[in-house]
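Peer 1: model the structure of this input:
(2 chains)
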Amino acid sequence: VTLADAHYPDELLYHDQHDWARLEGDDHAVFGITWYAQDSLGEVVFYDPPEVGSSVDKDQTYAEVESVKAVSDVIAPLSGEVVEVNEGLGDAPEQINEDPYGEGWLVKVKLSHPREAEQLLGAEEYRKLLENA
Amino acid sequence: VSARRTPFYEQHVELGAKLMDFAGWEMPVQYEGIKEEHSAVRTHAGMFDVSHMGEVEVEGPGALAFLQRVLSNDVSQIKIGGAQYSCLCNEQGGVLDDLFAYRLGGDRYLLVTNSSNHGADLAWLGRWSRDFDVAVRDVADRYAMLAVQGPHARATVTRALGIELPPRMRVATARVGGRPALVCGTGYTGEDGVELLVDPEVGPAIWAELLDAGVVPCGLGARDTLRLEACFHLHGNDLTPERNPIEAGLGWCCKEATGFVGAEAVASARHEGTAEKLAPFEIEGVGIARQGNAVLSSGEPAGVVTSGTFSPSLEHGIGMAYVRVDLAEAGTDVEIDVRGKLRAARIASKPLYPKEK
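Peer 2: I've put the predicted structure just below:
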């Protein structure tokens, strides 16, 4: 497994529990876990997604990702309703390691409170948080 | 108290290992990744720094009688240069530790203990040794320990270190790195291989030789997936002082006729049977059971998972669980409560991998 080097794209918003959100339009967002999160976890072997139509609450668990060694809760960076889950991860959960911001996305959500995004961190702030951790 | 480091610590850091605290030691969990390391041991050769494990030397005219008293197996069966697996039991038959005993000479034995139990084992052995003409010494600082395992392990070690290796379940002395060493034909992966007990000062040079010879560095993460596929017990998970060897499936290494400490309790468990039995299982679909998950049968509590992981060889969840004895037969369907989700599982036979033919 060749893992991409640590990187935190500028266009994403970050939650301090190592999750990212990509805003799409006025009220949709895609969620995933950050490079740091997947690196800490190790090789992901199982993604247990939420159901489409279920609601997710900011700062609350909405899914599980599991590596050989350990299971980890995934925290929602924003609130809303799940409109799509990444079915491709069923057969290829390693995409979460290999491409955490691309093929390794976890869910797409219709946001119930889009303004919550103002509370998230920018890439620079998130990098600083990691440096000080 | 800061974590202890093995003689290979600098090499772990150089290789980019992820380190974690294990029983007070800073140990590598993985280098490149658990799956790759696991596969290296199943197909080629991998090496594990297991220097955190403890060594206890038992020597003196009363060595055999003493070990016969404290170890569950029949120690009189170990020839010079032989090795034997045993349980260390308390008076109630509970398992304090599981260990290998190597007979180094007529009256001299070496016990290799689990790191988290080493101190308690020493105290226990010291206490029982008072009635015998024997010296019990902590010699953990005298050895760095490397396990080299895999189908190509023996050939690679022979070539890289220029030493002759003992057969399986035997121990030999050798000079490794110009210093005396012990070479043991034992392991914890289900593959052939050796365990090297070497002088800590020459440990790093030996590691480097093996690395140059193509042996893949493997962390404790892969060690756990490998041993669980092979259904080897991990003390603290599958063996505890609250469980006896009979329910753990270790009756084969208990010879009650020797009168070891706990023999009466073990004999009674053997004759009367136990309520639960340790059994391997495989998850039927998705999900990975972990230590502590409840096992259910027809919706009723029926046991508890003591070890659970993802099997890199089988590519699904596997583990071992103490289950009601009537459920412990291979082929029995059960359910496991994995964080609130019921996952279908089937009791399997040992080992989980490779499958017995």
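Peer 1: export the lengthiest helix in chain B as CSV, just CAs?
Peer 2: When chain B is parsed with DSSP state H, its longest helix is helix B:118-129. Taking Å, rounded to 0.1, in the frame of the first residue of the first chain, the C-alpha atoms of helix B:118-129 are listed here in CSV:
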residue,chain,number,x,y,z
HIS,B,118,7.2,-11.1,33.9
GLY,B,119,7.4,-9.4,37.2
ALA,B,120,4.5,-11.3,38.7
ASP,B,121,5.8,-14.6,37.3
LEU,B,122,9.2,-14.0,39.0
ALA,B,123,7.6,-13.3,42.3
TRP,B,124,5.4,-16.4,42.0
LEU,B,125,8.4,-18.6,41.0
GLY,B,126,10.5,-17.2,43.7
ARG,B,127,7.9,-18.0,46.3
TRP,B,128,7.5,-21.6,45.2
SER,B,129,11.3,-22.1,44.7
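Peer 1: so after it, what's the next helix or strand?
Peer 2: Using DSSP states H and E, the helix or strand that directly follows helix B:118-129 along the chain is strand B:135-138.
Peer 1: which other helices and strands does that next one contact?
Peer 2: The contact analysis (3 or more C-beta pairs under 8 Å, 6 or more residues apart in numbering or on different chains; DSSP states H and E) places strand B:135-138 against strand B:54-59, helix B:118-129. Where C-beta positions appear, they are placed from N, C-alpha and C, glycine not excepted.
Peer 1: show the average pLDDT along that strand.
Peer 2: Strand B:135-138 shows a mean pLDDT of 98.
Peer 1: which strands border that strand, and is each parallel or antiparallel?
Peer 2: With DSSP bridges as the test, strand B:135-138 is paired with strand B:54-59 (antiparallel).
Peer 1: residue contacts, residue B:52?
Peer 2: By C-beta atoms under 8 Å, 6 or more residues apart in numbering or on different chains, residue B:52 lies in contact with B:4, B:6, B:22, B:23, B:25, B:27, B:115.
Peer 1: how many neighbours does the last one have?
Peer 2: What it means is residue B:115. Using other C-beta atoms under 10 Å in any protein chain shown, residue B:115 has 18 neighbouring residues.
Peer 1: hang on, it packs against residue B:23?
Peer 2: Yes. Contact criterion C-beta atoms under 8 Å: residue B:115 and residue B:23 qualify, at 4.2 Å.
Peer 1: now do the buried residues in the longest helix of chain B.
Peer 2: Residues B:118, B:121, B:122, B:124, B:125, B:128, B:129 are the ones in helix B:118-129 that count as buried (16 or more other C-beta atoms under 10 Å in any protein chain shown).
Peer 1: and of those residues, the nearest to chain A?
Peer 2: Comparing those against chain A with C-beta to the nearest C-beta places residue B:118 closest, at 23.8 Å.
Peer 1: buried sites along stretch B:200-214?
Peer 2: B:200, B:202, B:203, B:204, B:206, B:207, B:209, B:210, B:213.
Peer 1: circling back to that earlier point, can you redo the buried residues of helix B:118-129 as JSON lines with distance to chain A and pLDDT?
Peer 2: Supplementary listing: the buried residues of helix B:118-129 in JSON lines, determined by distance: C-beta to the nearest C-beta, whole Å; pLDDT from 0 to 100:
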{"residue": "B:118", "distance to chain A": "24", "pLDDT": "98"}
{"residue": "B:121", "distance to chain A": "27", "pLDDT": "98"}
{"residue": "B:122", "distance to chain A": "30", "pLDDT": "98"}
{"residue": "B:124", "distance to chain A": "31", "pLDDT": "98"}
{"residue": "B:125", "distance to chain A": "33", "pLDDT": "98"}
{"residue": "B:128", "distance to chain A": "37", "pLDDT": "98"}
{"residue": "B:129", "distance to chain A": "39", "pLDDT": "98"}
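Peer 1: and residue B:98, that's in a strand?
Peer 2: Yes. Looking at residue B:98 with DSSP: H, G, I helix; E, B strand; the rest coil, it is inside a strand.
Peer 1: what about residue B:3, how many residues nearby?
Peer 2: Residue B:3: 15 surrounding residues under other C-beta under 10 Å.
Peer 1: next one: the one 4 residues further on
Peer 2: Burial of residue B:7, expressed as a neighbour count using other C-beta under 10 Å, amounts to 22.
Peer 1: what's the answer for residue B:155, then?
Peer 2: Using other C-beta under 10 Å, residue B:155 has 14 other residues around it.
Peer 1: would you double-check that it falls in a helix?
Peer 2: Yes. Counting by three-state DSSP, residue B:155 is found in a helix.
Peer 1: and the stretch 101-250 of chain B, which residues reach chain A?
Peer 2: With C-beta under 8 Å from any C-beta of the partner chain as the criterion, the stretch 101-250 of chain B meets chain A at residues B:221, B:224, B:225.
Peer 1: and residue 117, what pLDDT?
Peer 2: Just so you know, I chose chain A. Here the pLDDT value assigned to residue A:117 is 97.
Peer 1: that was the other one, I meant chain B.
Peer 2: Looking at residue B:117, the pLDDT reads 98.
Peer 1: chain B contacts on chain A?
Peer 2: Residues of chain A lying close to chain B (C-beta under 8 Å from any C-beta) are A:1, A:42, A:43, A:45, A:46, A:48, A:64, A:66, A:67, A:68, A:69, A:71.
Peer 1: where in the chain is pLDDT low?
Peer 2: Since you didn't name a chain, this refers to chain A. Across chain A, the ranges flagged by pLDDT under 70 are A:1-4.
Peer 1: chain B is the one I meant
Peer 2: The low-confidence ranges in chain B, as defined by pLDDT under 70, are B:1, B:356-357.
Peer 1: helices along that one, start to end?
Peer 2: B:9-14, B:34-43, B:63-70, B:118-129, B:153-161, B:203-212, B:220-229, B:263-272.
Peer 1: for the third one, give me every contacting residue.
Peer 2: The contact list for helix B:63-70 (C-beta under 8 Å, 6+ apart) reads B:58, B:60, B:74-76, B:88, B:101, B:107-109, B:124-125, B:128-129, B:131-132, B:134, B:258-261.
Peer 1: which among those count as buried?
Peer 2: Buried residues within these, counting neighbours by 16+ other C-beta under 10 Å: B:58, B:60, B:74-75, B:88, B:101, B:107, B:109, B:124-125, B:128-129, B:132, B:134, B:258, B:260-261.
Peer 1: give me the buried positions along stretch B:283-296.
Peer 2: Quick answer for stretch B:283-296 (16+ other C-beta under 10 Å): B:283, B:284, B:286, B:287, B:288, B:289, B:290, B:291, B:293, B:294, B:295, B:296.
Peer 1: how about those in TSV, adding distance to chain A?
Peer 2: Listed next are the buried residues of stretch B:283-296 as TSV, based on distance: C-beta to the nearest C-beta, whole Å:
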residue	distance to chain A
B:283	10
B:284	14
B:286	6
B:287	7
B:288	5
B:289	10
B:290	7
B:291	11
B:293	11
B:294	16
B:295	18
B:296	19
